[in-house]
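Engineer: coords below, sequence missing:
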Ligand code: ADP
Ligand code: MG
């Protein structure tokens, strides 16, 4: 059964979507089956994986509102082994419409129950907030992956995120783990990046992935071509970094099973 991982950080622009899309594609290259859940109304993961949003009949919005099944809503993507539960801006409404719904925190967890068996990993791309969509992701997840941008104030707001994770663990999902912290947009030319990286490593210790994602313009270009970095520019630094991350994720999962 797939491990469900929420890619979460309530800050925008830290690399959640870039990590979701490219980690998924690189795991697909390794022969894994991955389901990406686009739980951000900005729906950049949907676009980034080459889905034409105008042609969608159903999306995560209908799935959360019990108007469509996940198994019928997911789509295959151009990336081998990667499926997606797509989103559109319509998902903005879900936060409000679910407020009075029964089991409102469990909607995503319930919806994924029927499809998770078919995958090795489910990656949920979260919106830049700690609202009901992120709450649903944390309740559905076995673990969280937290991207942290290598810039000043990188850890600002982190205590709020941690509080939310602890609250979900206490109330809804006792086994929610922190699977890893990922340093993103690392710029080797600035002392600043190195400083933030070492601060994050001091703070989170073994939770930080060995792999560091460097700043690489090809990663920013790929989404507008509807492609993951592994096919858009297979030899770029960004592709190498995300391949390395995929290998580390697989290795860590193996170690946990043994240990
Ligand atoms: P989030 O999903 O957390 O809001 P994104 O993944 O959308 O963040 O990244 C924010 C912006 O930074 C996007 O324009 C993206 O293309 C760009 N970006 C992300 N990671 C990198 C990177 N390693 N190098 C260069 N640009 C990046
Ligand atoms: Mg995003």
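Structural biologist: Thanks, I have it. A quick note: this is a predicted structure, and the numbers were derived from the prediction, not measured. Ligands and ions are numbered 1, 2, ... in the order given.

Engineer: Burial check on residue 224, number of neighbours?
Structural biologist: 10 (other Cβ atoms under 10 Å). Bear in mind the C-beta positions are built from the backbone N, C-alpha and C, glycine included.

Engineer: Backbone dihedrals for it, both of them.
Structural biologist: Main-chain dihedrals, residue 224, degrees, to the nearest 10: phi -70, psi -10.

Engineer: try residue 125
Structural biologist: Torsion angles, degrees, to the nearest 10, at residue 125: phi -90, psi 110.

Engineer: so what pLDDT did it get?
Structural biologist: On pLDDT, residue 125 comes in at 98.

Engineer: quick one: contacts of the biggest strand by length in the chain?
Structural biologist: For the chain, the longest strand by residue count, based on DSSP state E, is strand 177-186. Outside strand 177-186, the residues that touch it by Cβ atoms under 8 Å, 6 or more residues apart in numbering are 5, 14-15, 18-19, 142-151, 165, 193, 196-197, 200, 204, 207-209, 211-215, 245, 249, 252.

Engineer: pLDDT weak spots in the protein?
Structural biologist: 257-259 (pLDDT under 70).

Engineer: Up against ligand 2, what does it have?
Structural biologist: Residues of the chain lying close to ligand 2 (Cβ under 5 Å from the ion) are 16, 17.

Engineer: And for the chain, the residue most distant from the center?
Structural biologist: In terms of distance from the mean C-alpha position of the chain, residue 191 ranks first, at 28.1 Å (Cα atoms, centre = their mean).

Engineer: give the contact list for it.
Structural biologist: Under the criterion of Cβ under 8 Å, 6+ apart, the contact list for residue 191 is empty.

Engineer: Go through stretch 103-114 and flag the buried ones.
Structural biologist: 104, 105, 106, 107, 108, 109, 110, 111, 112 (16 or more other Cβ atoms under 10 Å).

Engineer: how far does that stretch sit from the chain's center?
Structural biologist: Averaged C-alpha coordinates place stretch 103-114 at 17 Å from its chain's average position (Cα atoms, centre = their mean, to the nearest Å).

Engineer: distance of the residue farthest from the centre of the chain from ligand 2?
Structural biologist: Note on residue 191: its distance to ligand 2, by Cβ to the ion, to the nearest Å, is 28 Å.

Engineer: count of residues packed around whichever residue of the stretch 101-250 of the chain sits closest to ligand 1?
Structural biologist: Residue nearest to ligand 1 within the stretch 101-250 of the chain: residue 220 (3.6 Å; Cβ to the nearest ligand atom). Residue neighbour count, defined by other Cβ under 10 Å, stands at 13 for residue 220.
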